[in-house]
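[1] coords please:
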Amino acid sequence: MTLYPAIRLSPLCRAALGLALVSLLAGCSGGSNPEQSENSAPARGIVSKIDGKEMVLVPAGEFLLGTDMKDPDNTHLKIGTVKPLFVDQGPQQKLDLPAFYIDKYEVTNREYQRFLEATRYHDRPSHWEGEAFPEGTGNQPVTNVSWGEAMAYALWAGKILPTEEQWEKAARGTDGRLFPWGNEYQKGISNMGLEGKKDFANVGEYPKDVSPYGAYDMGGNVMEWTLSWYLPYKGSDYRNKKMGGRLKVMRGNGFQKGGHYFLDAYRYVFHRTEADPDEFYENVGFRCVMPVGEKGIR
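    I've put the predicted structure just below:
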């Protein structure tokens with residue numbers, strides 16, 4: 001999938017130093033344990049203490065990861081992409097995950113600005129106007145942030161970025177559906193590809209783009225960073241030179257301004273995109289997760 005790079009950031013080690021700083025700040029603030037008794041049953045939704053974001057519960061249990069779909073027609077050769085379709089998205093398998101909370105909406109420009117002001121973190125998204133986000137975009141997802149900057153926000157909030165397995169379960173549920181809302185693609189449900197706005201939408205602006213657990217915009221709006229390195233799935237014999245501890249996985253679809261995004265293969269919720277964690281992109285943002293029953297991130 002084509003992304004929209006801006007400029008290359010400093011090496012990842014600089015981001016790591018930033019992570020250490022904001023992790024310390026998060027620890028000093030007392031973490032972000034949800035407003036509930038540790039002995040009470042998990043709520044369906046909570047509000048995170050530090051960043052004030054609504055989070056929804058993804059219960060413990062099994063779900064279907066990936067797909068067994070194949071592309072017998074070598075469509076990738078016709079559209080000019082490197083990887084055969086679906087080749088790094090299988091085999092489909094059952095995974096069992098512990099319960100966790102995930103942000104109901106993508107992190108917005110307004111929320112990211114609060115993080116910058118609270119921590120005095122150095123870098124601003126490249127499309128911002130000086131110290132502030134562009135007027136009228138406060139409820140749009142923050143983008144043009146690297147993986148390290150997204151992690152810095154997450155640790156400040158007492159959270160972490162989701163693994164791609166957590167992200168997929170939160171978006172897909174347990175029944176192996178193709179989209180967050182079900183198995184049928186319908187134009188206009190999500191800010192997706194060339195059929196969406198071809199630009200940012202406010203978070204939650206597409207109310208039907210909602211997952212079985214109540215997380216919004218996992219089908220479209222912007223792609224999202226995950227914690228995971230780009231590696232083959234268990235049981236897969238597919239390998240390419242990009243795999244290993246060099247590229248991070250992005251999940252979800254996003255608005256596009258050109259390209260081959262009319263194909264279902266790029267819309268399905270199990271689609272994976274890999275990218276350099278030091279880069280940032282116009283149509284890539286993030287959301288965070290938190291374990292159930294823990295006092296922040298250790």
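[2] how about the strands in the stretch 1-150 of the chain?
    45-47, 54-58, 61-65, 93-97, 100-103 (DSSP state E, counting those that start in this stretch).
[3] Quick check: which of those is buried the most?
    For those, the largest average neighbour count (mean count of other CB atoms under 10 Å) is found in strand 100-103, namely a mean of 26. (Each C-beta comes from the backbone N, C-alpha and C, glycine too.)
[4] can you give me the helices for the protein?
    For the chain, the helices defined by DSSP state H cover 12-28, 75-79, 109-119, 147-156, 164-172.
[5] Okay, now the unreliable bits of the stretch 101-250 of the chain?
    Along the stretch 101-250 of the chain, the parts satisfying pLDDT under 70 run over 193-194, 196.
[6] residues contacting residue 190?
    179, 180, 196, 206, 208, 209, 217, 219, 220, 221, 253 (CB atoms under 8 Å, 6 or more residues apart in numbering).
[7] can you check residue 179 too?
    Contacts of residue 179 (CB under 8 Å, 6+ apart): 185, 189, 190, 219, 267, 268, 269.
[8] could you dump the strands of the stretch 1-150 of the chain to CSV with distance to residue 249?
    Listed next are these as CSV, based on distance: least, CB to CB, whole Å:
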stretch, distance to residue 249
strand 45-47, 26
strand 54-58, 18
strand 61-65, 12
strand 93-97, 15
strand 100-103, 16
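[9] Lowest average pLDDT across the ones you listed?
    Across those, the stretch with the lowest average pLDDT is strand 45-47; it has a mean of 94.
[10] So what are the sheet partners of it and their directions?
    Here strand 45-47 is paired, per DSSP bridges, with strand 54-58 (antiparallel).
[11] picking up where we left off before, put together CSV for the contacts of residue 190, with distance to residue 120 on each row.
    Output for the contacts of residue 190, formatted as CSV (distance: CB to CB, whole Å):
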residue, distance to residue 120
179, 40
180, 36
196, 35
206, 35
208, 40
209, 35
217, 29
219, 35
220, 33
221, 29
253, 34
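[12] Looking at the contacts of residue 179, which is nearest residue 153?
    Minimum distance to residue 153 across those is 22.7 Å, recorded for residue 219 (CB to CB).
[13] distance of the closest one from residue 180?
    Separation of residue 219 from residue 180 (CB to CB, to the nearest Å): 5 Å.
[14] Touching both of the two, which residues are there?
    Both residue 219 and residue 180 are in contact with 171, 190, 209, 269, where contact means CB under 8 Å, 6+ apart.
[15] Buried ones among these?
    Neighbour counting by 16 or more other CB atoms under 10 Å classes 171, 190, 209, 269 among the shared contacts of residue 219 and residue 180 as buried.
[16] my read: the last one touches residue 183, true?
    No: between residue 269 and residue 183 there is no contact, the gap being 10.4 Å when judged by CB atoms under 8 Å.
[17] Mutual contacts of those two, please.
    Residues touching both residue 269 and residue 183 (CB under 8 Å, 6+ apart) are residue 177.
[18] Spatially nearest residue to residue 147 (excluding sequence neighbours)?
    Distances taken as CB to CB, 6 or more residues apart in numbering place residue 277 nearest to residue 147, at 3.5 Å, with adjacent residues excluded.
[19] tell me how far the ends of stretch 205-219 are from each other?
    Stretch 205-219 stretches 12 Å from its first residue to its last (CA to CA, to the nearest Å).
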